[in-house]
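S.K.: Fold the stuff below for me.
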Amino acid sequence: MNELTGKNSVGIQKICRFIPFVIITVIIPLAKYRIRVYHNEEIREVLLHTQWYDDCFALVKVIFLYAAVVLLISVSILLKGSWGKFPGVLYLLVPYSACVLLSVYFSDYKISALFGIIDMYEGGLTQLCYCCILLFSYYIVSDTEDMAAILKTALAASVVVSGTGVLEFTGILPAEESYTVSSTIGNSNYTGTYGAVLLPLAIATVLTETNNIKRIIYSLFFFGSAFFLLTGSMSRAGYLAAFVTIPFFFVLLYIAAKDRIKWAIALMAYGVCIFLLMNSYCGGMLWEEIKSMNPFKSEQNQDRLIFKDIRLKGNSAELETNLWYIRLENNGDGFKLYNEKSEEIRIRREDHVLKFLDEPYSDITGYETRTTEISWLMLEAGGKDIEFVLSDGNMKVVSYNGRLTDIRPVESIGFKGRESFASGRGYIWSRAIPLLKKAIFIGYGPDTFTFIFPQNDIVGKLNYGAIWVIIGKPHNWYLQTALGSGIVSLVCLMSVLIWYIIKAAGIIAGKSTGKELPANGGLKMEEIKRQRIIALGILVSVLAYMAAGLFNDSVVAVSPLFWMLSGFGISFCQKGLLTR
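M.R.: So this is what the prediction gives:
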């Protein structure tokens, strides 16, 4: 009876261990629920014309994230006897967490710094949850079989995610863009990261399976789903992550388990078939997306309108572009427009609409309104529009949130003439990098990028897209971390990850020879290979996330999986799973 009770206790304990990881690997990626979120006082200052936001993805996912971390803490307390030695490298998470907390405390936007902004929720509380996931993944799961089971759970969830993706790709369900997959992840860019992270895990799962029927099933569904999500996302960041990491996977696989390389090549051939079928279905759009991946490719259209400068002075304004120059004045009797020679530009007014009659202004359209209090003029050119308002005798511009603003110089570094680099990321980074000067020891607060970015950069935004666009994220995980919690926190975090990458790669690349058998306590060579392949899959998945992080941000739909895998990977290295 005691033996039976003991077995039941062990079984319940194991179930308790798995529940938080089921939430991380299954429920968070799949969760979708519309929740109306009313703006707090900080967001109201940015979004003046709305009172709420209907959140379908981020909020429900972060709620499950909090639940998973509470369960992880509870389970770790129950299992404290099995914690083992604390790895020295993880002490770096202490200053990292301290920087996060200090950045929240000293932030000018404490609500957002703690909880995050709408549609993101990457605040300090979320960052601390990520740290907990890494630590408790290391502590709670120390058995290779348990890790493999959790990875299979994550891959099984991807099959469901890809099911919704197929409906989007085929047009049965509405998508962000035609043939673009976002599924339950909520954004196609992050779906690409999700697929790139899962792809190495899928390959590792197939290669470690000995039952041929299961191996085929895993190939068809686990690998097929991860590859479909990556390909269908049309995410250049995801593609880049795969292009960089998969060759690395093959190199280490050839060193650690040469006999499995044929199956890996067969999986790649299967992936090519999936790509060809998808590319054919969407009329070649996938191949065109890959061909356009060169992020340094400059726009060759010389006729593209580029704003060089806009100056406000008293009751006048000057607009200088690569194609034309306009000076507009208003002395209280309506707007008058002049060219660079101070000659008045010929205009025909028709019911408040201004038609420009002379070159090179013929592509410009103006709209004018006058009241007793203000005079308003909007110029529309090259798909961009800018509004000028004469108020109290001074010329102003209507800013991103509808308020009247002056135009002030904005500091920028790099990407001069290449603001369109990587789909406009060059513009964002050029304005974000100078902000690092005040974020060395602590940052502005996690997830406060919307508030600290120069949203009133009128000239820059006109060239980027439109004045009305609100830049809410840096599109770079490393900038996101440094600006949020400080450069010191980024150094601490990168030190942990680089330590893990170097150590894991060295262990996995160790030659599997018969001489190793006595040193490993008689552990069979096949088991050593199996452990190394699983460790390899985890390592390459972590690298894929980090590569995608060059162009994508941390999001709650994908990041918990990355932090969990980092904990597993450090466990492989520190606890000697690969060498015992």
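
S.K.: for residue 115, what are its contacts?
M.R.: Residue 115 is in contact with 121, 123, 125, counting by Cβ atoms under 8 Å, 6 or more residues apart in numbering. In this view, the C-beta of every residue, glycine as well, is placed from N, C-alpha and C.

S.K.: Helices - which of those residues land there?
M.R.: Using DSSP state H, the subset of the contacts of residue 115 located in helices is residue 125.

S.K.: and which of the contacts of residue 115 is nearest to residue 219?
M.R.: Nearest to residue 219 among the contacts of residue 115, counting by Cβ to Cβ, is residue 121 at 35.7 Å.

S.K.: hmm, back to that, which of the contacts of residue 115 lies at the shortest distance from residue 232?
M.R.: Among the contacts of residue 115, and counting by Cβ to Cβ, the member closest to residue 232 is residue 121, at 25.5 Å.

S.K.: now the strands for the chain?
M.R.: Counting by DSSP state E, the chain has strands at residues 35-38, 52-55, 307-313, 316-321, 325-330, 335-338, 347-350, 353-356, 365-370, 374-381, 384-391, 394-398, 404-405.

S.K.: Where does the prediction get shaky in the stretch 251-400 of the chain?
M.R.: For the stretch 251-400 of the chain, the stretches flagged by pLDDT under 70 are 294-302.

S.K.: can you list contacts of stretch 324-343?
M.R.: With contact meaning Cβ under 8 Å, 6+ apart, stretch 324-343 is reached by 315-319, 344-345, 347, 360-361, 364, 366, 368, 370, 375, 377, 379, 388, 390, 395.

S.K.: Quick check: end-to-end length of it?
M.R.: 13 Å (Cα to Cα, to the nearest Å).

S.K.: now it, how far from the centre of its chain.
M.R.: The chain centre lies 44 Å from the centre of stretch 324-343; the measure is Cα atoms, centre = their mean, to the nearest Å.

S.K.: Check which residues of it are buried.
M.R.: By neighbour count with 16 or more other Cβ atoms under 10 Å, stretch 324-343 contains the buried residues 324-330, 335, 337-338.

S.K.: per-residue pLDDT, residue 181?
M.R.: pLDDT for residue 181: 96.

S.K.: Can you give me the distance of it to residue 64?
M.R.: Here the criterion is Cβ to Cβ, to the nearest Å. By it, residue 181 lies 22 Å from residue 64.

S.K.: If you count surrounding residues, which of the two has more?
M.R.: Shown here are residue 181 and residue 64; by other Cβ atoms under 10 Å, residue 181 has more neighbours (29 against 19).

S.K.: and the nearest residue in space to that one that is not next to it in sequence, what does it touch?
M.R.: Spatial nearest neighbour of residue 181, chain neighbours left out: residue 232 (3.5 Å); criterion: Cβ to Cβ, 6 or more residues apart in numbering. By Cβ under 8 Å, 6+ apart, residue 232 lies in contact with 165, 168-169, 179-181, 191, 278.

S.K.: got it, and residue 134?
M.R.: 90, 93, 563-564, 566-567, 570.

S.K.: What is the nearest of the residues you listed to residue 161?
M.R.: Minimum separation from residue 161 among the contacts of residue 134 (Cβ to Cβ) is found for residue 564, which lies at 16.7 Å.

S.K.: quick revisit: now intersect the contacts of residue 134 with the helices, please.
M.R.: Mapping the contacts of residue 134 onto helices (DSSP H) picks out 93, 563-564, 566-567, 570.

S.K.: which of these sit farthest apart?
M.R.: 93 and 564 (14.6 Å).

S.K.: Any buried residues in stretch 368-375, and which?
M.R.: 368, 370, 375.

S.K.: Counting neighbours, go ahead and name the busier of residue 93 and residue 564.
M.R.: A count of neighbours by other Cβ under 10 Å puts residue 564 above the other of residue 93 and residue 564, at 28 against 20.

S.K.: which of the contacts of stretch 324-343 are buried?
M.R.: 315-319, 345, 347, 361, 364, 366, 368, 370, 375, 377, 379, 388, 390, 395.

S.K.: How is the protein divided into domains?
M.R.: The chain breaks down into these domains under automatic domain parsing: 2-294+477-574, 315-392.

S.K.: for residue 215, what are its contacts?
M.R.: Contacts of residue 215 by Cβ under 8 Å, 6+ apart are 206, 209, 263.

S.K.: switch to 7 Å and redo it
M.R.: Contacts for residue 215 (Cβ atoms under 7 Å, 6 or more residues apart in numbering) come out as 206, 209.

S.K.: go on, residue 546?
M.R.: Counting by Cβ under 7 Å, 6+ apart, residue 546 touches residue 497.

S.K.: Just the pLDDT for it.
M.R.: We have a pLDDT of 98 for residue 546.

S.K.: Quick check: the gap between it and residue 562.
M.R.: Distance, residue 546 to residue 562, by Cβ to Cβ: 8 Å.

S.K.: What pLDDT does the model give the closest residue to residue 209 other than its chain neighbours?
M.R.: Nearest residue to residue 209, sequence neighbours excluded (Cβ to Cβ, 6+ apart): residue 215, at 4.4 Å. You'll see residue 215 listed with a pLDDT of 95.

S.K.: Going forward, the N-terminal residue is numbered 38.
M.R.: Sure, I'll start counting at 38 from here, so that last one is residue 252.

S.K.: what's the closest of the buried residues of stretch 405-412 to residue 577?
M.R.: Out of those, the member with the shortest distance to residue 577 (by Cβ to Cβ) is residue 405, at 59.4 Å.

S.K.: Now render the domains of the chain as TSV, adding distance to residue 499.
M.R.: Converted to TSV, these look like this (distance: least, Cβ to Cβ, whole Å):
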stretch	distance to residue 499
domain 39-331+514-611	19
domain 352-429	5
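
S.K.: and the spatially closest residue to residue 260 that is not a sequence neighbour, how many residues sit next to it?
M.R.: Excluding the flanking residues, the one nearest residue 260 by Cβ to Cβ, 6+ apart is residue 239, at 4.2 Å. Residues lying near residue 239 (other Cβ under 10 Å) number 27.

S.K.: Likewise for residue 458?
M.R.: 19.

S.K.: How much space separates it from residue 501?
M.R.: In terms of Cβ to Cβ, residue 458 sits 11 Å off from residue 501.

S.K.: Overlap in contacts, the two.
M.R.: Common contact partners of residue 458 and residue 501 (Cβ under 7 Å, 6+ apart): none.

S.K.: Which strands and helices lie in contact with the lengthiest helix in the chain?
M.R.: Determined from DSSP H, the single longest helix within the chain is helix 181-206. For helix 181-206, the elements it packs on are helix 65-67, helix 225-245, helix 261-269, helix 562-585, judged by 3 or more Cβ pairs under 7 Å, 6 or more residues apart in numbering; DSSP states H and E.

S.K.: so residue 406 bridges to which residues?
M.R.: Applying DSSP bridges to residue 406 yields these beta-bridge partners: residue 413.

S.K.: Is it in contact with residue 389, as I believe?
M.R.: Yes: contact criterion Cβ atoms under 7 Å: residue 406 and residue 389 qualify, at 6.0 Å.

S.K.: coming back round to it: between the buried residues of stretch 361-380, which is closest to residue 261?
M.R.: Nearest to residue 261 among those: residue 361, at 53.5 Å, using Cβ to Cβ.

S.K.: What's the separation between the closest one and residue 65?
M.R.: Applying Cβ to Cβ to residue 361 and residue 65 gives a distance of 51 Å.

S.K.: Kindly present the buried residues of stretch 361-380 as CSV, with separate columns for distance to residue 436.
M.R.: What follows is the buried residues of stretch 361-380, written out as CSV (distance: Cβ to Cβ, whole Å):
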residue, distance to residue 436
361, 23
362, 23
363, 20
364, 21
365, 18
366, 21
367, 19
372, 19
374, 22
375, 25
